[in-house]
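Visitor: Build me a model from this:
(one chain, ligands or ions: 2)
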Amino acid sequence: MKSILVIFTVLLVTSFSAMTLDVKQRFDHLDSNKDGYLTKNELDAQPQLLKQFQRWDTDQDNRVSLVEFKNFLTINLH
Ligand SMILES: [Ca+2]
Ligand SMILES: [Ca+2]
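Guide: Ligands and ions are numbered 1, 2, ... in the order given. Here you go, the predicted structure:
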């Protein structure tokens, strides 16, 4: 019984970190100048993402941080 719980926990942690890594990779891919923020310029080539910009930018500083990006994706995945 205990081993099942351990396996379950390991699976949960693994899938969670895999998802986090995936989000980071997508973010880095979009962040073309690698300053750690996505700006409207960087999303110019992705109109479908640009449309979401205002919703992503929760503190409205006109740039999307990794945290904002992650929050948005996490909210929309559940
Ligand atoms: Ca950037
Ligand atoms: Ca922001």
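Visitor: what about the strands in this structure?
Guide: With DSSP state E as the criterion, the chain has strands at 37-38, 64-65.
Visitor: Find the residue at the geometric middle of this protein.
Guide: By CA atoms, centre = their mean, the chain has its centre lying nearest to residue 70, at 3.0 Å.
Visitor: So which other helices or strands are in contact with the lengthiest helix in the chain?
Guide: Using DSSP state H to assign secondary structure, the helix with the most residues in the chain is helix 2-30. Helix 2-30 makes packing contacts with helix 66-77 when contacts are defined by 3 or more CB pairs under 8 Å, 6 or more residues apart in numbering; DSSP states H and E. All C-beta atoms are positioned from the backbone trio N, CA, C, and that covers glycine.
Visitor: To what extent is residue 64 buried, counted in neighbours?
Guide: When neighbours are counted by other CB atoms under 10 Å, residue 64 registers 28.
Visitor: which residues touch it?
Guide: Counting by CB atoms under 8 Å, 6 or more residues apart in numbering, residue 64 touches 37-39, 53, 56-57.
Visitor: could you redo the residues you listed as JSON lines and give each row neighbour count?
Guide: Below are the contacts of residue 64 laid out as JSON lines (neighbours: other CB atoms under 10 Å):
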{"residue": "37", "neighbour count": "18"}
{"residue": "38", "neighbour count": "24"}
{"residue": "39", "neighbour count": "17"}
{"residue": "53", "neighbour count": "16"}
{"residue": "56", "neighbour count": "17"}
{"residue": "57", "neighbour count": "20"}
